[in-house]
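Enquirer: Next one to model:
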Amino acid sequence: MDAAAQQQSASALGGNLSIDKFIEGSITCLRFQGTIDESFDGKRLATSVKATTLILDMGAVRKISSFGIREWTDFVKACERSVDTIIAIECTPKVVDQLNMVSQFLGAKGLVFSFYAPYRCDYCDIDRRVLFQVDRDAASIRSLRPSEQLCETCSRPSYFDEEPASFFAYLAQQRPFELSPAIAEFLSSKLRYSVTGGDRRLHIDKHIEGRNTYLKFVGNLDGSFPSGKIAEGLEGTIVVDVSGIGTIDLAGAAEWRNFITQTKSTAERVFLVGCPPVLLERLTRQGDLGDQVISFTMPYSCSKCATTASQLIDVEQHYDILKFATPPEMKCSHCKSPTVCVAPESLLSRLRTLPRVEMDSGLRKFVKEMRDRKPERPQAPKAPGAVTGARLGMFTGLIVLALVAAAVLIGVNWYQTREARETQKKIEGAIAKVEGSQGAVQRSFTRPVWITSDTPSTASCIDNVNRLSCVGISAYSDNREEARIEAGNAAMEEMVNSIGLKIEDPDFQQRVRPLYDDSRSKALSDLESMRGKSGSPEQTKALDAVRKARKAVAEALVATGGSAAPTQQAAWYWEEFDKMSGPGTEFLVFVRYDISLAALKSLTIAYTDEIDAGGSKVVTMFPGIAWQRPEARSGALVLRPAGLLQKLGVTEFSVVTGAGGEPVRTASELAARLRSKKAGKLSVVAPDGTVKQLGD
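Expert: Down below sits the predicted model:
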């Protein structure tokens, strides 16, 4: 789990154990780190839990001693008196062992949502842990057949390093369950815990009063967000409550920008309410946050009651301090003690960009009423007497209902027939197959949980607990293999873009990223503007341009990234549909690539490490540059030409792709050639894209 804030341990209940507490409404999360032994005062900790749902984050528990078990079970028993549900997440193998051996380790109200399973790669002699999720991996758990995983280092198969029947003994018997939307929202938006599967599609609640419209979004913001439909017809003053947004992927960010652009073209003003940190950090372009942000949330930590909780901050009230990128002082909502804002610098820096709020008392009253508005309760069932009194007309009603049902059935059959002909995504009768990385094929009419969007020709990445996962989607294609290659290139290119966004080096941000960012944005925007014009010459041209660029970027990642670059897909899935334009079928293919955090860090260093090459300062070419210069698939990017390179006419931001008739993959290779005096003639791709041969 990636915490919403990086802070020191809020409390230490035992010399070898620290516990952090996170609270949001009726949900409390306790994060344990260290060894649970006899010094763990569980009963005292339980008295501080005032919640309906208690989440226990066990991802950093190293050991549980025998006396620690005694204290732990006392803690769980005490908690059960005050909470309705206990949910354990990220249980380590040590915790799973105790679940299998200790009766009532989680009590009668306890459930495990996710846990780590041990895997081993004999090729690399490496042990690692893989996170399982009980809803997503239910089939593997109950069948006692854990899936094969690829080693993050060598990409060869690694095996499950336990006896499955023993390891899954408790988990296989646990009743099935899914997280409620409120808990999933808490984990993803407040703690940034990656919650996959379940119903996390965006839900929209709309309320209109006079010239004011209130929209509330709850769920994940991804490529399925129907920006055009929601924005259509909006006018007057629009207030968007985004407090319920969980995660935002790149496709979701693009759809959000489209929603804001369309809404501002017809509405008078657009306000945002309850902006979570993920929204402020992810949507950083001018205009992304509408006209004004009324309020946002920030994480604050209280040392007295060991609590970290989100605080709602009113921009109008605190504007004079926010403009200096300084968080306001807030009191703990539980013990009223002073708290400390534990937001990262990247989030605090966004505060100075928030404009002063200008809203009249009427609009402020409207916003308050909408935020305080309770959902309408379902109508209560009729009393038994009323049911008895209604029996007189029951049989007559049934006859009428039967006639109406027959008419409706005829209408539904006609509508379904028409819809099947008009929609591109005709699911009924479609052939769906999924193939894993090892080529095993199984029939499936349910998409894998790693597919969160089905918009053709798009891609997105998700930060998981131990890796970055990127999914690419092809355009509809007559050839499945070509579609698979296209989807794979899209996933790899999106991974490159994510790596670029994660690089915080100022030189990279100011000098390297501009070399490709505009070209990439324009090409993707041109393609996006062609949606709805399938088959037109303009759409074909835009799609071909994006395909070629993605292919070049993917090849550049493999060429420059070395062993850190992923070369084997983690999974792929395809669907086959009847063509709407004539006989035959066409395919839509999804491909996923994963990269470990260690490999990700290695690449960020590789693309920012300046090397001295004969007096010149060079770095390994960032693969994204292939958007602007597709001829450059590898090489050394010249940041500051000097010495021999300057003498030969190599200019700033040129890419040296070859020396002495041999290709140059990295900055280090170019430096080595120049030191050995074997550089010879240089192959250079100039900033304008022209290819030059310089030197003897």
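Enquirer: where does this protein dip in pLDDT?
Expert: 1-15, 188-201, 250, 305-306, 374-446, 465, 678-679, 696 (pLDDT under 70).
Enquirer: what's the domain layout of it?
Expert: Domains of the chain are assigned by automatic domain parsing as 17-185, 197-372, 431-596, 609-694.
Enquirer: I'd guessed residue 213 sits against residue 205; true?
Expert: No. Contact criterion Cβ atoms under 8 Å: residue 213 and residue 205 do not qualify, at 11.3 Å. Heads up, the C-betas are built off the backbone N, CA and C, glycines and all.
Enquirer: out of those two, which sits in the busier spot?
Expert: Per other Cβ atoms under 10 Å, whichever of residue 213 and residue 205 has more neighbours is residue 213, with 22 against 14.
Enquirer: Helix or strand for the more buried one, just tell me which one.
Expert: Take DSSP states H and E as the rule and residue 213 turns out to sit in strand 212-221.
Enquirer: rewinding a little: make JSON lines from the domains of the chain and add distance to residue 602 to it.
Expert: Converted to JSON lines, the domains of the chain look like this (distance: least, Cβ to Cβ, whole Å):
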{"stretch": "domain 17-185", "distance to residue 602": "11"}
{"stretch": "domain 197-372", "distance to residue 602": "22"}
{"stretch": "domain 431-596", "distance to residue 602": "4"}
{"stretch": "domain 609-694", "distance to residue 602": "10"}
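Enquirer: spatially speaking, which residue is in the middle of the chain?
Expert: Centroid-nearest residue in the chain, with Cα atoms, centre = their mean: residue 462, separated by 3.5 Å.
Enquirer: part of a strand, is that residue?
Expert: Yes. Checked against DSSP: H, G, I helix; E, B strand; the rest coil, residue 462 lies within a strand.
Enquirer: Next, the contact list for it, please.
Expert: By Cβ atoms under 8 Å, 6 or more residues apart in numbering, residue 462 lies in contact with 194, 247, 249, 452, 468-471.
Enquirer: quick one: which of the residues you listed sit in strands?
Expert: Judged by DSSP state E, strands contain the following of the contacts of residue 462: 247, 468-471.
Enquirer: Could I have the ChimeraX command that selects the buried members from those residues?
Expert: To isolate the buried members of these in ChimeraX, using 16 or more other Cβ atoms under 10 Å:
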select :247,468,469,470,471
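Enquirer: what's the closest of the ones in strands among the contacts of residue 462 to residue 361?
Expert: Using Cβ to Cβ, residue 247 is the member of those that lies nearest residue 361, at 35.5 Å.
Enquirer: Hmm, residue 220 and the closest one touching each other?
Expert: Yes. If you go by Cβ under 8 Å, residue 247 and residue 220 touch, sitting 4.9 Å apart.
Enquirer: I'd like the distance between residue 271 and residue 203.
Expert: Counting by Cβ to Cβ, to the nearest Å, the gap from residue 271 to residue 203 is 20 Å.
Enquirer: and the two? which has more neighbours close in?
Expert: Shown here are residue 271 and residue 203; by other Cβ under 10 Å, residue 271 has more neighbours (23 against 12).
Enquirer: Does the more buried one touch residue 238 like I think?
Expert: Yes. Counting by Cβ under 8 Å, residue 271 does reach residue 238; the two are 7.0 Å apart.
Enquirer: So which residues of the stretch 151-300 of the chain form helices?
Expert: 164-167, 169-173, 181-185, 227-231, 250-266, 277-282 (DSSP state H, counting those that start in this stretch).
Enquirer: Report the buried residues of the shortest one.
Expert: Neighbour counts over helix 164-167 (16+ other Cβ under 10 Å) mark 164, 167 as buried.
Enquirer: repeat for stretch 58-66
Expert: Neighbour-count burial for stretch 58-66 flags 58-59, 61, 64-65 (criterion: 16+ other Cβ under 10 Å).
Enquirer: With just CA atoms, put that stretch into CSV.
Expert: Extracted in CSV, the C-alpha atoms of stretch 58-66 (Å, rounded to 0.1, in the frame of the first residue of the first chain):
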residue,chain,number,x,y,z
MET,A,58,-0.7,-6.3,7.8
GLY,A,59,1.7,-5.7,4.9
ALA,A,60,4.7,-4.9,7.1
VAL,A,61,4.2,-7.5,9.9
ARG,A,62,7.5,-9.4,10.1
LYS,A,63,6.7,-11.8,12.9
ILE,A,64,4.1,-12.8,15.4
SER,A,65,5.4,-14.4,18.6
SER,A,66,3.4,-16.9,20.8
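Enquirer: Use 828 as the first number for this chain going forward.
Expert: Understood, numbering begins at 828; the last thing we discussed is stretch 885-893.
Enquirer: And that stretch, how far out from the chain middle?
Expert: 28 Å (Cα atoms, centre = their mean, to the nearest Å).
Enquirer: how many neighbours does the nearest residue to residue 1085 once chain neighbours are set aside have?
Expert: Leaving out its chain neighbours, the residue that sits closest to residue 1085 by Cβ to Cβ, 6 or more residues apart in numbering is residue 1054, at 4.3 Å. Neighbour count of residue 1054, defined by other Cβ under 10 Å: 19.
Enquirer: Contacts only, for residue 1054.
Expert: Counting by Cβ under 8 Å, 6+ apart, residue 1054 touches 1082-1083, 1085-1086, 1089.
Enquirer: TSV for those, including neighbour count?
Expert: Formatted as TSV, the contacts of residue 1054 follow (neighbours: other Cβ atoms under 10 Å):
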residue	neighbour count
1082	26
1083	23
1085	15
1086	24
1089	16
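Enquirer: do you know which of the domains of the chain lies nearest residue 1430?
Expert: Taking Cβ to Cβ, domain 1258-1423 is the member of the domains of the chain nearest to residue 1430, at 5.1 Å.
Enquirer: Would you mind measuring from the closest residue to residue 1099 other than its chain neighbours to residue 1184?
Expert: In space, and not counting its chain neighbours, residue 1099 is closest to residue 1120: 4.8 Å by Cβ to Cβ, 6+ apart. As judged by Cβ to Cβ, residue 1120 and residue 1184 stand 8 Å apart.
Enquirer: what is in contact with the two at once?
Expert: Common contacts of residue 1120 and residue 1184 (Cβ under 8 Å, 6+ apart): residue 1142.
Enquirer: okay, those two: which has more neighbours?
Expert: A side-by-side neighbour count of residue 1120 and residue 1184, using other Cβ under 10 Å, places residue 1120 first with 24 against 18.
Enquirer: what's that one in contact with, if anything?
Expert: Going by Cβ under 8 Å, 6+ apart, residue 1120 touches 1098-1099, 1102, 1142, 1181-1182, 1184.
Enquirer: how about a cut-off of 7 Å?
Expert: If a contact means Cβ atoms under 7 Å, 6 or more residues apart in numbering, then residue 1120 has 1099, 1102, 1142, 1181 as its contacts.
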